[in-house]
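> Output the structure for:
(chains A and B)
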Amino acid sequence: MTSGTAEAPHRALGLTDAEYELIVDKLGREPNGLELAVFSLMWSEHCAYKHSKKLLRTLPTEGEHVVMGPGENAGVVDVGDGLVAAFKVESHNHPSAVEPFQGAATGVGGILRDVFAVGARPICVLDSLRFGTLDSPRSRFLLDGVVGGIGHYGNSIGVATVGGEIYFEAPYETNCLVNAMCVGLAPSERLVRSAAAGIGNVVVLFGALTGRDGIGGASVLASAELEAGDDAKRPSVQVGDPFEESKLLECSLDLLEQALLGSLQDLGAAGLTSSSSEMASKGEVGLDLDVARVPLREPGMEPFEVMISESQERMLCVVEPDRLDAVLAVCERWEVRATAIGEVTDTRRLRVFDEGELVGDMPVEALVDECPLYDLEPAAPSDPVYPPPARRLPDEGDPADTLLALLRSANVTSKRDAFERYDSIVGSRTVRRPAAADAAVLTLAPDGGSGALAVSIDGNGRRVACDPFVGTVEAVLECARNLACVGAEPLGLTNCLNFANPEKPHVAWQLERSVAGLAAACEALAVPVVGGNVSLYNEGAEGPIYPTPVVGMVGKLPAPEHAAGLAFREAGHAIALVGPFRPWLAGSELEQLRGSLAGGLPEPDLAEHAAALAFVRAAVRSGAIASAHDVSEGGLACALAESCVAGAIGARIDCAALLEAGPSDEHPGAERGHEAALFGEGPGGVLLSGSPDAIDALAASGEVRVLRLGEVGGERLELNAGAAALSVSLDDLRAAYEHGVFAPPSAG
Amino acid sequence: MKFGVVQFPGSCDERDALLAAKRFGDAELLWHAERDLRGADAVIVPGGFSYGDYLRAGAIARFSPMMDAVSEFALAGGPVLGICNGFQVLCEVGLLPGALLPNDSLRFVCRQVELEVVNTGTPFTRACEEGERLSIPVKHFTGCYFAPESALEELDANGQVLLRYDAGQNPNGSLRDIAGIASAQKNVFGLMPHPEHAVDPLTGSSDGGKLFASLVAHVEELVAA
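Next up, the predicted model:
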């Protein structure tokens, strides 16, 4: 066990001296090497959430559609007609920073297993990715590897990758973020929980062989900051096998379909250690496991290595003894290896045997529930935490040039060259493909349901860096707005909190303010949090990442044929800006390109936003809307340009109404009102187009602010904003927007 | 009219093919380890990554018991449709000439493409018009059709090229823009685009349905005769 250095083994495994003393106290003796390894993983940040658990308890988790909340392998909501949707987002940041292709591929594999572990068939994946700027060769290498790895795994296993987002900012240079979200569907009676039950029942391990990959991953890779010279950690990264997972998925669903399993759990971080302790803890039982029965990929593995291996594509289930033969037969049909490795006991202890010899004996409660939880010591930073971004644009510029530079810039430009590397249609459910609408839309018809699901994943770390509370509120609002644009009402939310080292007071402050924003926004919109993941210690030698909460939502809409796309459709259609949009330059993409990072963002009125979301949702559901697109990065001008390019048709716009409606007096961009109107950002704006009568009817309702801006038509985008005006041809818009992220970086 | 859809470990689009076929007739999955076609009038070898495609796309699936049965069925004149991975399998089995190579971009590509119907005198394309354009998606990494020049000449001369990518639409570098080819007897057809993903305007297009409708018309004519 020991590395040969003078350091105490528990410290090398990431445990503090106080934590070690507590372990000795719980055991009533010194732990042996295996027990120490098991405790170090179960008490790691990754498994125990010891710096975030107290905060996470403040999130709203209840709602009328919730079937399973946080704590299970995935959150589950009722989607009607006897169907439920299971979903979760998880990070695979550190493995992807070491080996981007396999890191991202196994990230997808892991989140798929979380979803089919509750009995749901995965129907789609979305990804939220962050890299350093595209002028860095390392970032381009990571981008190519991560996109390739996501595609390799998702395409091969036949789960559609239907959406996601990619941002490029310097603080992610050495610590990229790879968050993957999966949504699955199940008939409600097929749902299974992970709690082990039934004294004397058999514990069966099925799936891939167990090897030395990922050993120490959970405690070393996921809980320590990456530093230069970390090549020694390379062999720890797991390697994925989507074919094995495809068989494992079909086999697991087949076993559940035949009602052969008592409980099911996937093996993720910390492998057998975490899966077996969690199952025992939830069932309030004990487990006896014999590591000598675990089929190995390589000879000579020590018992502790078998317990903590993170080999991919493995599941653990509990089976009544008289059903064991039937279970093994189903596994054989799918060519999946299955082995009985232990049994359920009434001891409330996790006991590990090696050919019958007891080699580890630990109380389950101590492993799962008794890790000390730490209070954060938050303190708002007195100085800016992040250096300003590199300047790429001058302060003054012709508005047309500014628009084209924004459209070509990494965060705004089309991500089509990434999305086209993903199979977005397998499953025959995809009604709105990536970039066709603000949210992906998947019909429930093949599963016997009515209507469709809408899914979106959102987050903007730079705006959270400007203001952790408001930035997080904005992420929730944007996700809900994307759902509203296709007519969907949110059923539940999952989140991944990517932050730096929470033991530092300013990071603790970011985390605390961000979770407060998440809670406030979820409560205001009545969207329950049904699951999530926390990834801490995301920092490299150059400093911390931007605080990056990523939120994913699943919603329901009644009529998929009415789900609006973002493309303008017909000459003569009227265009309106709907909602409480108050554009600010501070914190915008334009200000980022000009090398500035704001401190503080205006706090939105959540009730006002909730009303606007309901209004947009109802308008889209009525079927009278031709297009819907929310105003986000790059502001109104970029949103209009995107709808023009997607529809291959121009638009004539006058922003007078917007200029009159704001900016307000306290507005820091007021002296540049026309730029704020064109390129300013903020939550709450949706562009709707439709027949002039339909748009007039919306405006006449008086429920929500509806500003008539202009009409669809022609071959140019013509924009008039008081002191500034621009006119750009469709060809120029398209050339700039379709620049993409795999093309050589643009000077803009 | 009954379709049989082969299911290998690692198939991805077998459920899609089953759903699509059920819009036009009866349909059932055929397990790779068995040899019984269960009375199918036409067989679909679907898309996906059979056996993980680790050695070479389609190279392992050709050895399955079910592919033996499908080959016998094809040699007796039964209609067999190979989609994407199914096309690769049919080339590996030798029911179709040529081979599929990795895309010239060396990247997976998923995209709606426009196809031109070149020959309408086959069981798979009889419901189409000569020169008709079909909008059907592709999604593959190994879709670049290759055959020696002499074989390409022969394919064209015999009317075995049934579908071509429209001008500027070739997503993978296939020679002569070939999207799908038939056997000399025209009862075996392989194509890289996914007609089973183009049977409903709600999910993008219904143009692929014409291939299924053609097969149904063909089988019903045989039954009537």
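
> May I have the secondary structure class of A:Arg212?
coil (DSSP: H, G, I helix; E, B strand; the rest coil).

> next one: A:Ala410
Reduced to three states by three-state DSSP, A:Ala410 is coil.

> residues near the closest residue to it other than its chain neighbours, how many?
Spatially, and ignoring its direct neighbours in sequence, A:Ala410 is nearest to A:Phe168 (4.1 Å; C-beta to C-beta, 6 or more residues apart in numbering or on different chains). For glycine as for every other residue, the C-beta is placed from the backbone atoms N, C-alpha and C. By other C-beta atoms under 10 Å in any protein chain shown, 24 other residues sit near A:Phe168.

> who are the neighbours in contact with A:Phe168?
A:130-134, A:139, A:410-411, A:741 (C-beta atoms under 8 Å, 6 or more residues apart in numbering or on different chains).

> Likewise for A:Val285?
The contact partners of A:Val285, taken as C-beta under 8 Å, 6+ apart, are A:196-197, A:199, A:344-346, A:348, A:364.

> List the buried residues for the longest helix seen in chain B?
Longest helix of chain B, by residue count under DSSP state H: helix B:209-224. Within helix B:209-224, the residues that count as buried by 16 or more other C-beta atoms under 10 Å in any protein chain shown are B:209-216, B:218-219.

> buried set for whichever strand or helix holds A:Ala697?
If you go by DSSP states H and E, A:Ala697 is part of helix A:692-701. Neighbour counts over helix A:692-701 (16+ other C-beta under 10 Å) mark A:694-695, A:698 as buried.

> quick one, the helix or strand that comes right after that helix and helix A:692-701 angle?
With elements assigned by DSSP H and E, the helix or strand that comes after helix A:692-701 is strand A:706-712. Angle of strand A:706-712 versus helix A:692-701, following axes from the mean of the first three to the mean of the last three C-alpha atoms, to 10 degrees, is 170 degrees.

> Chain B contacts on chain A?
For chain A, the residues in contact with chain B (C-beta under 8 Å from any C-beta of the partner chain) are A:148, A:151-152, A:155-158, A:241-244, A:246-247, A:250, A:334-335, A:419-431, A:433, A:443, A:446, A:560-561.

> Just the ones of those in helices?
A:148, A:151-152, A:155-157, A:242-244, A:246-247, A:250, A:419.

> Could you list the buried residues of the helix or strand of chain A with the lowest mean pLDDT?
Lowest mean confidence among the helices and strands of chain A (mean pLDDT, DSSP states H and E): helix A:656-661, at a mean of 83. By 16+ other C-beta under 10 Å, the buried positions in helix A:656-661 come out as A:657-659, A:661.

> Likewise for stretch A:132-144?
Neighbour counts over stretch A:132-144 (16+ other C-beta under 10 Å) mark A:132-136, A:139-140, A:142-144 as buried.

> just to revisit the earlier point, let's have the contacts of A:Phe168 in TSV, adding pLDDT.
Shown next, in TSV, are the contacts of A:Phe168 (pLDDT from 0 to 100):
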residue	pLDDT
A:Arg130	98
A:Phe131	97
A:Gly132	96
A:Thr133	95
A:Leu134	94
A:Ser139	96
A:Ala410	96
A:Asn411	97
A:Val741	93
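
> Just put those in JSON lines and tack on secondary structure.
Output for the contacts of A:Phe168, formatted as JSON lines (three-state DSSP):
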{"residue": "A:Arg130", "secondary structure": "strand"}
{"residue": "A:Phe131", "secondary structure": "strand"}
{"residue": "A:Gly132", "secondary structure": "coil"}
{"residue": "A:Thr133", "secondary structure": "coil"}
{"residue": "A:Leu134", "secondary structure": "coil"}
{"residue": "A:Ser139", "secondary structure": "helix"}
{"residue": "A:Ala410", "secondary structure": "coil"}
{"residue": "A:Asn411", "secondary structure": "coil"}
{"residue": "A:Val741", "secondary structure": "coil"}
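
> Show me the strands in chain B, by range?
B:2-7, B:26-31, B:42-45, B:80-83, B:99-101, B:109-117, B:133-140, B:144-146, B:161-165, B:178-182, B:188-191 (DSSP state E).

> what about the third one, average pLDDT?
When the per-residue pLDDT values of strand B:42-45 are averaged, the result is 98.

> Could you do the second one as well?
Along strand B:26-31, the predicted local confidence has a mean pLDDT of 97.

> how many degrees apart are it and strand B:2-7 in direction?
Going by the same axes, to 10 degrees, strand B:26-31 makes 30 degrees with strand B:2-7.

> Neighbouring strands of strand B:26-31 in the sheet, and parallel or not?
strand B:2-7 (parallel) (DSSP bridges).

> before we move on, what about the fourth one?
As defined by DSSP bridges, the strand partners of strand B:80-83 come to strand B:42-45 (parallel), strand B:188-191 (parallel).

> Export those to a markdown table and append columns for distance to A:Ala329.
Shown next, in a markdown table, are these (distance: least, C-beta to C-beta, whole Å):
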| stretch | distance to A:Ala329 |
| --- | --- |
| strand B:42-45 | 27 |
| strand B:188-191 | 35 |
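
> Can I get those strands in CSV including mean neighbour count?
Listed next are the strands paired with strand B:80-83 as CSV, based on neighbours: other C-beta atoms under 10 Å in any protein chain shown:
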stretch, mean neighbour count
strand B:42-45, 28
strand B:188-191, 28
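
> what pLDDT, on average, does stretch A:383-403 get?
93.

> For that stretch, buried residues please.
By neighbour count on 16+ other C-beta under 10 Å, the buried set for stretch A:383-403 is A:385-386, A:389, A:392-393, A:399-400, A:402-403.

> Among these, which are located in strands?
Among the buried residues of stretch A:383-403, none falls in strands (DSSP E).

> Per-residue pLDDT of residue 221, please?
By default, I'm working from chain A. 36.

> look at chain B instead
Confidence at B:Glu221, expressed as pLDDT, is 93.

> From A:Ser456, how far out is it?
Counting by C-beta to C-beta, to the nearest Å, the gap from B:Glu221 to A:Ser456 is 48 Å.

> Going by neighbour count, list what's buried in stretch A:519-527.
A:519-522, A:524-525, A:527.

> Including secondary structure, could those go into CSV?
Shown next, in CSV, are the buried residues of stretch A:519-527 (three-state DSSP):
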residue, secondary structure
A:Ala519, helix
A:Ala520, helix
A:Ala521, helix
A:Cys522, helix
A:Ala524, helix
A:Leu525, helix
A:Val527, coil
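
> These into CSV, with extra columns for pLDDT and distance to A:Thr106?
As requested, the buried residues of stretch A:519-527 are exported to CSV (pLDDT from 0 to 100; distance: C-beta to C-beta, whole Å):
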residue, pLDDT, distance to A:Thr106
A:Ala519, 98, 31
A:Ala520, 98, 34
A:Ala521, 98, 31
A:Cys522, 98, 30
A:Ala524, 97, 36
A:Leu525, 97, 33
A:Val527, 98, 30
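
> closest to B:Ala40 among these?
For these, the residue nearest B:Ala40 by C-beta to C-beta is A:Val527; the value is 47.6 Å.

> From A:Gly80, how far out is the closest one?
17 Å.

> now swap in B:Ala40 and tell me
Distance of B:Ala40 to A:Gly80, computed by C-beta to C-beta: 35 Å.

> ditto for A:Leu659
For A:Leu659, the distance to A:Gly80 - C-beta to C-beta - is 44 Å.

> try A:Ile545
Distance of A:Ile545 to A:Gly80, computed by C-beta to C-beta: 39 Å.

> Compare B:Ala40 and A:Gly80 and say which is more crowded by neighbours.
Taking other C-beta under 10 Å, B:Ala40 and A:Gly80 do not tie; B:Ala40 has more neighbours (26 against 14).

> Thought B:Leu30 was touching the more buried one, still the case?
Yes - counting by C-beta atoms under 8 Å, B:Leu30 is a contact partner of B:Ala40 at 7.1 Å.

> Need the overlap of contacts for these two.
The contact sets of B:Ala40 and B:Leu30 overlap at B:Gly4 (C-beta under 8 Å, 6+ apart).

> what sits against whichever residue of the stretch 251-400 of chain A sits closest to chain B?
The nearest approach of the stretch 251-400 of chain A to chain B comes at A:Glu335, 5.9 Å away (C-beta to the nearest C-beta). The contact partners of A:Glu335, by C-beta under 8 Å, 6+ apart, come to A:247, B:9.
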